[in-house]
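Asker: Sequence and predicted model, in that order:
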Amino acid sequence: MIYTCTLNPSVDYHIETENLSLGMLNRIEHTAFYPGGKGINVSRVLHNLGMSSVALGFIGGFTGDFIEESIKKIGIRTNFVKQEQPTRINVKIKTANEETEVNDQGASIAEQHQAALLQKLEQLTKKDYLVISGSLPASVSFSIYEKMARRCSEKGVSLIVDIPHQALKDLLIYEPLLVKPNQAELSEIVGMDIHNKEDAVKGAKKLVQLGAQNVIVSMGKDGAVFVNEQIILSGETPRGTLKSSVGAGDSLVAGFLASFVQKGNVKHAFQQGVAAGSATAYSDDLCHKQEVFDLFTKVKISHLKGE
Ligand SMILES: Nc1ncnc2c1ncn2[C@@H]1O[C@H](COP(=O)(O)OP(=O)(O)OP(=O)(O)O)[C@@H](O)[C@H]1O
Ligand SMILES: O=P(O)(O)OC[C@@]1(O)O[C@H](CO)[C@@H](O)[C@@H]1O
């Protein structure tokens, strides 16, 4: 089974307007609410691709109820720890020329709830995958990610990490199956400027040396690179019209994992990941199976090393 863990979920409030004037009254043309947070997005895309998963994490209040109800309604299993404070609301603003995101810090989570979440991981076995994704809520220290990664390593659970935290480096000793920093995150983690794919490959190689089994560096409209001990791939995005790139990185992770679990072929998985990321960028919400399928063959993959 695939488990996704979102320590800091969110209700994503999407606002679409031609122009936004700061300091003025803005009347909005189009709005939508989505259950969000990186791991929850991974579960939603896995579901759209026909794969089951269980969503773990902390939720609370009316916003937490919205998230749980929305994803349960479509058939995603949940096993959240419920806490008192409402789950955050993140605002995503799309104007004619720009995308702007305003993300809240998130609820403060009591020690007992953190312990309850770690307890839930005890049921995972070596047949399972755990995706840990997204930021930490206020008051939760990085050590929770470290404890989760150590448990996975002890139990042989395959670990996938997509966290916007410089200390991601400290999790690499647990040999995650996949880590997926974006360009800016990789730059912070390895302490070097990442201007292009060549730089991204150099940075990703450092993560492989430190223990990551596979690394994908996502680079927005420029696609992504894939690096492991044997092969290095570059993926270019297919053409399309950008609607909202929110969740594109999560879709890449879900697209990769859905294929990897079924076929075990990293090239196919990477190609499907890039297709899923772009399919989401070209949709209002997250991508669906047919859109990913349609883009798959249009993603150009080049081998920079290995067959
Ligand atoms: N503007 C775009 N046009 C086409 N494809 C895109 C675009 N933005 C993202 N993608 C696709 O999605 C993948 C992941 O995007 P990105 O690098 O923006 O991830 P991210 O920063 O982790 O995003 P998020 O945090 O919003 O999930 C890219 O590798 C690419 O395949
Ligand atoms: O604040 P974090 O946890 O880094 O990111 C949260 C978030 O921006 O990531 C998802 C898109 O990847 C959204 O659903 C959500 O609002």
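Answerer: Received it, and whenever you're ready, just let me know what you need. Ligands and ions are numbered 1, 2, ... in the order given.
Asker: how near is the residue of the chain found nearest ligand 2 to residue 56?
Answerer: Using C-beta to the nearest ligand atom, the closest approach of the chain to ligand 2 is made by residue 36 at 2.9 Å. For the C-beta atoms, the positions are set from N, CA and C on the backbone; glycine is no exception. Here the criterion is C-beta to C-beta, to the nearest Å. By it, residue 36 lies 15 Å from residue 56.
Asker: swap in residue 27?
Answerer: From residue 27 across to residue 56, the span is 39 Å (C-beta to C-beta).
Asker: Neighbour count for these two, which is higher?
Answerer: residue 56 (26 against 5; other C-beta atoms under 10 Å).
Asker: shouldn't the more buried one be in contact with residue 80?
Answerer: Yes. With contact taken as C-beta atoms under 8 Å, residue 56 and residue 80 are classed as touching, separated by 6.7 Å.
Asker: what pairs with residue 12 across the strands?
Answerer: Taking DSSP bridges as the rule, residue 12 bridges to residue 34, residue 90.
Asker: which residues sit in contact with it?
Answerer: Shown in contact with residue 12 (C-beta atoms under 8 Å, 6 or more residues apart in numbering): 33-36, 89-90, 92, 246.
Asker: Just the buried ones from those, in ChimeraX syntax?
Answerer: Typed into ChimeraX, the line below selects the buried ones among the contacts of residue 12, using 16 or more other C-beta atoms under 10 Å:
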select :34,35,36,89,90,92,246
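Asker: Quick one: the contacts of residue 12 as JSON lines, columns for pLDDT too.
Answerer: Formatted as JSON lines, the contacts of residue 12 follow (pLDDT from 0 to 100):
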{"residue": "33", "pLDDT": "97"}
{"residue": "34", "pLDDT": "97"}
{"residue": "35", "pLDDT": "98"}
{"residue": "36", "pLDDT": "98"}
{"residue": "89", "pLDDT": "98"}
{"residue": "90", "pLDDT": "98"}
{"residue": "92", "pLDDT": "96"}
{"residue": "246", "pLDDT": "95"}
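Asker: Need the contacts of residue 12 in JSON lines (columns: distance to residue 152).
Answerer: Formatted as JSON lines, those follow (distance: C-beta to C-beta, whole Å):
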{"residue": "33", "distance to residue 152": "32"}
{"residue": "34", "distance to residue 152": "28"}
{"residue": "35", "distance to residue 152": "25"}
{"residue": "36", "distance to residue 152": "24"}
{"residue": "89", "distance to residue 152": "30"}
{"residue": "90", "distance to residue 152": "27"}
{"residue": "92", "distance to residue 152": "31"}
{"residue": "246", "distance to residue 152": "28"}
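Asker: And the pLDDT at the spatially most central residue of the chain?
Answerer: What sits nearest the mean C-alpha location of the chain, by C-alpha atoms, centre = their mean, is residue 250, with 3.1 Å. Note on residue 250: pLDDT of 98.
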